[in-house]
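Visitor: coords below, sequence missing:
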Ligand code: ES4
Ligand code: ZN
């Protein structure tokens with residue numbers, strides 16, 4: 001483990017809301033006087049609830065936990081706690097996601113969230129030389145109009161945001177619905193990424209490529225389409241895999257190890273290993289590299 005921790009690493013797929021540890025959730029709930037807004041009374045209860053059957057059963061709890069994030073300082077503290085852990089595990093560069101709509105929907109201003117996150121990233125750069133760039137993700141389940149509204153708000157904080165992504169529910173919300181938002185984001189100079197082929201089919205990875213993404217987040221279901229695999233290899237298109245996440249959300253239940261081996265075994269793909277929602281899936285970067293699936 002010490003050797004793994006010591007290796008310099010880039011974290012390219014981590015949701016900051018997914019780094020909210022149960023202890024910090026309870027602490028912030030008390031600090032903000034919103035204990036009644038989360039479905040738990042204790043840290044133990046939070047941990048006990050983390051038993052997921054699929055992506056949606058996880059997302060329901062993940063969004064519920066966000067109720068404790070209200071002030072700019074909360075977003076700073078959340079991000080800083082993550083960065084301290086990441087630094088201890090040898091992360092030297094991070095491109096974290098957060099979901100502005102999860103917060104603006106609860107009447108937390110866009111700026112409150114992004115300023116808190118950005119300030120912590122800047123402090124990590126000053127303290128450790130850790131480099132970073134924020135990626136805001138549109139929530140697929142809120143639809144394309146809401147994504148465009150989110151992008152409009154993002155333009156007001158353009159200097160703090162490197163890219164846009166797409167996450168949340170995959171089945172029933174295909175990536176092609178978001179073509180307009182991605183076209184606009186590209187025209188504004190944002191980098192583009194999207195979750196695709198996590199629970200959904202290889203077709204959704206094709207749709208991510210059509211959006212003009214520079215990375216595919218997850219993409220494990222690309223395995224189902226040999227032509228797609230060929231394209232990904234030829235274009236050196238990175239896949240940000242998250243093995244522990246796939247394990248906990250029962251993607252390829254029972255045969256994840258084999259599927260991962262198949263992907264790595266191709267030998268020609270550009271694959272990175274990442275932690276996704278480490279507070280919910282039980283492990284940060286180093287554990288991804290040392291856990292048997
Ligand atoms: C997510 Cl694991 C996963 N998949 C899709 N969207 C997400 N948002 C946070 N974690
Ligand atoms: Zn993710």
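Guide: Received it, and whenever you're ready, just let me know what you need. Just so you know, these numbers come straight off a predicted model, no measurement behind them. Numbering: from 1, shown residues only. Ligands and ions are numbered 1, 2, ... in the order given.
Visitor: Enumerate the residues of the protein near ligand 1.
Guide: 15, 18, 55, 62, 167-168, 195, 198, 245, 276-277 (CB under 6 Å from any ligand atom). The way it works is simple: take the backbone N, C-alpha and C, and place the C-beta from them, glycine included.
Visitor: so where do the helices sit in the stretch 1-150 of the chain?
Guide: For the stretch 1-150 of the chain, applying DSSP state H, counting those that start in this stretch gives helices covering 2-6, 22-31, 43-49, 55-65, 72-88, 100-104, 110-128, 143-155.
Visitor: Using just helix, strand and coil, how would you label residue 212?
Guide: Under the three-state scheme (DSSP: H, G, I helix; E, B strand; the rest coil), the conformation of residue 212 reads as coil.
Visitor: I'd guessed it sits against residue 186; true?
Guide: Yes: under the criterion of CB atoms under 8 Å, residue 212 makes contact with residue 186 at 5.7 Å.
Visitor: Could you name every residue contacting both of those two?
Guide: Both residue 212 and residue 186 are in contact with residue 192, where contact means CB atoms under 8 Å, 6 or more residues apart in numbering.
Visitor: which residue of this structure sits farthest from its center?
Guide: For the chain, the C-alpha lying farthest from the average C-alpha position belongs to residue 33; by CA atoms, centre = their mean, that distance is 27.3 Å.
Visitor: Quick check: phi and psi at that one.
Guide: Here is the backbone geometry of residue 33 (degrees, to the nearest 10): phi 60, psi 40.
Visitor: Same question for the one 5 residues further on.
Guide: The phi and psi values for residue 38, taken as degrees, to the nearest 10, are phi -120, psi 150.
Visitor: ok, now residue 194?
Guide: Given degrees, to the nearest 10, the pair of backbone angles that residue 194 has is phi -160, psi 140.
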